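**Student:** need a structure here:
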Amino acid sequence: MAGQVAQAPIRAYSYQRFSSPSQANGDSLARQTALARAYAEQHGLRLDDELTYRDLGVSGFRGKNAAHGELACFLEAVRAGQIPEGSFLLIESLDRLSRDNILRAQAILTNLVVSGVNVVSLADNRLYSEESLSDDPLGLIYALLVFIRANEESATKSMRARQAWTRKREAVASRVLSTRLPEWLTLEDGRIVPIPERAKLLKRIFTDAAEGQSPQLIAEALNEEQVPRWSINGPWERTTIAALINNRRVTGALPLYQFVYKRNVQNRLPIGVVGGYFPRIIEPETFLQVWSICSNRRRGGSAAKRNVFANLLRCADCGADVRHMPIGEGGQQALVCAGASIAHRCDAPEHSYAALESAALAHLGPWSAEGISWVRNTDPGGWLNSRGAPYRLLGNEALSWHNDRLRNDIARRFPDRIGEAPSLADYMTTHLGRRYLMNDCSTLVSAAETGLSTSRTRVNTNAALRRMFSHGTVDLRTGACTLSCGSAGSVNIGSQA
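**Tutor:** Numbering: from 1, shown residues only. Okay, the predicted model is just below:
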C-alpha cells in the first residue's frame, strides 16, 4: 500500500576481540568482520559500522574487556538505553565475549539477553535471546560449556606462561630475560650494554642531584642546554628526572615481581632483587645518597602523608634508609630497606608498615602522657625530676636542632650564644621551650588515642616524632624498633607483627 511506512531494519553491532597484539598481523580481525557482515546481510540486519566495538590485544581471561575495554562501553550503552531493544550483538564465538570464570562470563551473557539484546555466535550460528533460551533452556547449558572450555584453555596458557617466566628468572644470571630495557641501555650480540652518551648524561644527573639540585632545576638546566630527550620529542620535565633518580636499575639491580589476581584485580608482588643484571651506571652508595636527599626534601610533604616514620628510620642490618612502598594485594603498605631494594650489602625483607605503626602508637601514647605530666610538675629552674636527674627521654638532641624559633629566641636573649643549639635547660626554663615539649607530647597522645585517620594527622605526628627523636632503627625481620633521643636515651618498641 502506498500509505505504508517501511519498517526500519533492526540494528546489529559487531564486537571483535583478540588477545595478543601479534594477531593484528594475521586475518583474525578480517575474519570476524566478514562473518558479521555476512550474517547481517543474510538476516536483513543493518550493521552499524560507526559503532563497531573492538578490543584488539585485550584478554578476555581476567574480564579486562568487560571492565575497561570496548565491551565495557557497549554494556554501559545497553544499561543507558542507547542500544535499542531487539538489537543484535554479533561475535565470532562466545569466547570472544569472555574467557573469565563461569559466573562472570554467564553474567555478561545473561545481562545482555535480559536487556533485550540478541547475542549471536557466528562460528556455530547460535542465537542467544530471551525467547530462544526460554524455548530451549539447553542452549544456556551449551553456552556455559563453551565458557568453561574457554576459561580452562586460558588458565592453562596462563599457567604455562608463568612457568616459562619462572624458568627464565631461575636462569637470570646467564640469559637476558627480556628485550625491553631501560632507556640508557641497548642489546648488542645478545648482551646488555650501555648507550655511552646516555650513560654519561645519567651520571651527570646523579652528580647534580647529589650536590642538592632538585629534579626541577636539573630539568631546567638540560632544557637550557637543549639536551634532547631520549625517547620522545619535547623538553625534560621534573617528573622525568625524578623517575630516573628513583630507578633502581641504574645500579644494575633488577627488581623481580610476580603478578597475582584477586577478583580479577592485578596485584604486583615483589619476589626479590637480582644484583648485577644490568650494567652498573651509578654506584650504589651514590644512588642511596641521592635517594636520601630526595626523601629529606619531601619532609612534611608527600612522604609523611603516607608514612609517619618518614625521614626517621634506618635498617638495623645495614644502616640504609628505610623506605615506604605500596606492594602486593591492594597496594598494602610496607617498609623496605633501601640497600636491600638494590641488592647492596643487605637482604632484609619487607615489613608491614601497619604493624609497626600500630606498635609505635601503642607504646608512644603512654610514654608521651608521662612526658606531659613530667613537664607540668618539673621545677623550671632545675629541670630535674624527683630523683634529681634530667628526664631521660625529653632531653634530646633532635629537639635542639629542629626548633629554629627557640634557637633564635635564645640568641636574642643571650648574644654570646648565637649559633648554639638550645639545651634541655633552655627548653625547661623558657615558656616557648616548655610549650614545644607539651605540644609534641600531646600530638603523640592524640595519635595514639584516635589513630592516624587523615594525611594531615600523619604529617603532624611525623613532625613531632622527628623533633622528639634524632633517628630510629628497625629490624625488618622482627619489626623491633628503637627510637633514639641522641645522648638522652631511647625508646624500644616491640613488634606486633
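
**Student:** okay, CA-based contacts and neighbour counts for the rest of this
**Tutor:** OK.

**Student:** Look up the closest residue to residue 257, ignoring the ones flanking it.
**Tutor:** Nearest non-adjacent residue to residue 257, counting by CA to CA, 6 or more residues apart in numbering: residue 270, 4.3 Å away.

**Student:** Quick one, grab the pLDDT at that neighbour.
**Tutor:** Looking at residue 270, its pLDDT reads 77.

**Student:** now it, what's its secondary structure?
**Tutor:** Of the three states, residue 270 takes strand under DSSP: H, G, I helix; E, B strand; the rest coil.

**Student:** and it, what does it touch?
**Tutor:** 255, 256, 257, 258, 327, 328 (CA atoms under 8 Å, 6 or more residues apart in numbering).

**Student:** ok, of the residues you listed, which one's closest to residue 437?
**Tutor:** Using CA to CA, residue 327 comes nearest to residue 437 of those, at 36.1 Å.

**Student:** Against residue 309, how distant is the closest one?
**Tutor:** Taking CA to CA, to the nearest Å as the measure, residue 327 falls 17 Å from residue 309.

**Student:** With neighbour numbers in mind, choose between those two.
**Tutor:** Using other CA atoms under 10 Å, the more surrounded residue of residue 327 and residue 309 is residue 309, with 26 against 17.

**Student:** Am I right that the more buried one is in contact with residue 462?
**Tutor:** Yes: here residue 309 reaches residue 462: they are 6.1 Å apart, a contact under CA atoms under 8 Å.

**Student:** Pull the number of nearby residues for residue 461.
**Tutor:** By other CA under 10 Å, the residues close to residue 461 number 28.

**Student:** Quick check, pLDDT for it.
**Tutor:** pLDDT, residue 461: 93.

**Student:** that older thread, mind putting the contacts of residue 270 into a markdown table with pLDDT and secondary structure?
**Tutor:** As requested, the contacts of residue 270 are arranged in a markdown table below (pLDDT from 0 to 100; DSSP: H, G, I helix; E, B strand; the rest coil):
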| residue | pLDDT | secondary structure |
| --- | --- | --- |
| 255 | 90 | strand |
| 256 | 84 | strand |
| 257 | 80 | strand |
| 258 | 76 | strand |
| 327 | 71 | strand |
| 328 | 58 | coil |
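
**Student:** Now distance to residue 438 too, for those residues, in TSV please.
**Tutor:** Shown next, in TSV, are the contacts of residue 270 (distance: CA to CA, whole Å):
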residue	distance to residue 438
255	44
256	46
257	46
258	47
327	37
328	39
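
**Student:** Please identify which of these is nearest to residue 40.
**Tutor:** When those are ranked by distance to residue 40 (CA to CA), residue 258 comes first, at 44.5 Å.

**Student:** Not counting sequence-adjacent ones, nearest residue to the closest one?
**Tutor:** Of all residues not flanking residue 258 in the chain, residue 269 sits nearest, at 5.2 Å (CA to CA, 6+ apart).

**Student:** What about the one you found, how many residues nearby?
**Tutor:** By other CA under 10 Å, 16 other residues sit near residue 269.

**Student:** I'd like the distance between it and residue 43.
**Tutor:** Applying CA to CA, the value for residue 269 to residue 43 is 51 Å.

**Student:** Check residue 436 too.
**Tutor:** Residue 436 sits 82 Å away from residue 43, going by CA to CA.

**Student:** Show me which of the two is the more surrounded one.
**Tutor:** Set side by side, residue 436 and residue 43 show more neighbours around residue 436, with 19 against 10, by other CA under 10 Å.

**Student:** so that one sits in a helix?
**Tutor:** Yes: remark: residue 436 belongs to a helix, assigned using three-state DSSP.

**Student:** what's the pLDDT at it?
**Tutor:** Looking at residue 436, its pLDDT reads 74.

**Student:** who are the neighbours in contact with residue 493?
**Tutor:** Residue 493 sits next to 359, 360, 363, 480, 481, 482, 483 when contact means CA under 8 Å, 6+ apart.

**Student:** give the contact list for the third one.
**Tutor:** The reference is to residue 363. Residue 363 makes contact with residue 493 under the criterion CA under 8 Å, 6+ apart.

**Student:** what's the distance between it and residue 450?
**Tutor:** For residue 363, the distance to residue 450 equals 14 Å [CA to CA].

**Student:** Likewise for the second one?
**Tutor:** As defined by CA to CA, residue 360 lies at a distance of 14 Å from residue 450.

**Student:** Those two: which is more packed in?
**Tutor:** Taking neighbours as other CA under 10 Å, residue 360 and residue 450 compare with residue 360 leading, 24 against 9.

**Student:** how about the nearest residue to the more buried one, chain neighbours excluded?
**Tutor:** Counting by CA to CA, 6+ apart, residue 360 lies nearest to residue 493, which is 6.2 Å off, once chain neighbours are set aside.

**Student:** Bridged to the one you found, which residues?
**Tutor:** Judged by DSSP bridges, the bridge partners of residue 493 are residue 481.

**Student:** how about the helices in the stretch 251-400 of the chain?
**Tutor:** 284-297, 302-306, 353-377, 397-402 (DSSP state H, counting those that start in this stretch).

**Student:** Any idea which of those gets closest to residue 156?
**Tutor:** helix 353-377 (35.9 Å).

**Student:** list the buried ones in that closest one?
**Tutor:** Using 16 or more other CA atoms under 10 Å as the test for burial, helix 353-377 gives 353-354, 356-362, 364-369, 371-372, 374-375.

**Student:** looking at it, residue 481 is touching residue 490, isn't it?
**Tutor:** No: counting by CA under 8 Å, residue 481 sits too far from residue 490 to count as a contact (10.2 Å).

**Student:** secondary structure class for residue 232?
**Tutor:** coil.

**Student:** Spit out the contact partners of it.
**Tutor:** By CA under 8 Å, 6+ apart, residue 232 lies in contact with nothing.

**Student:** so how far is stretch 454-464 off the chain centroid?
**Tutor:** Computed by CA atoms, centre = their mean, to the nearest Å, the chain-centroid distance of stretch 454-464 equals 21 Å.
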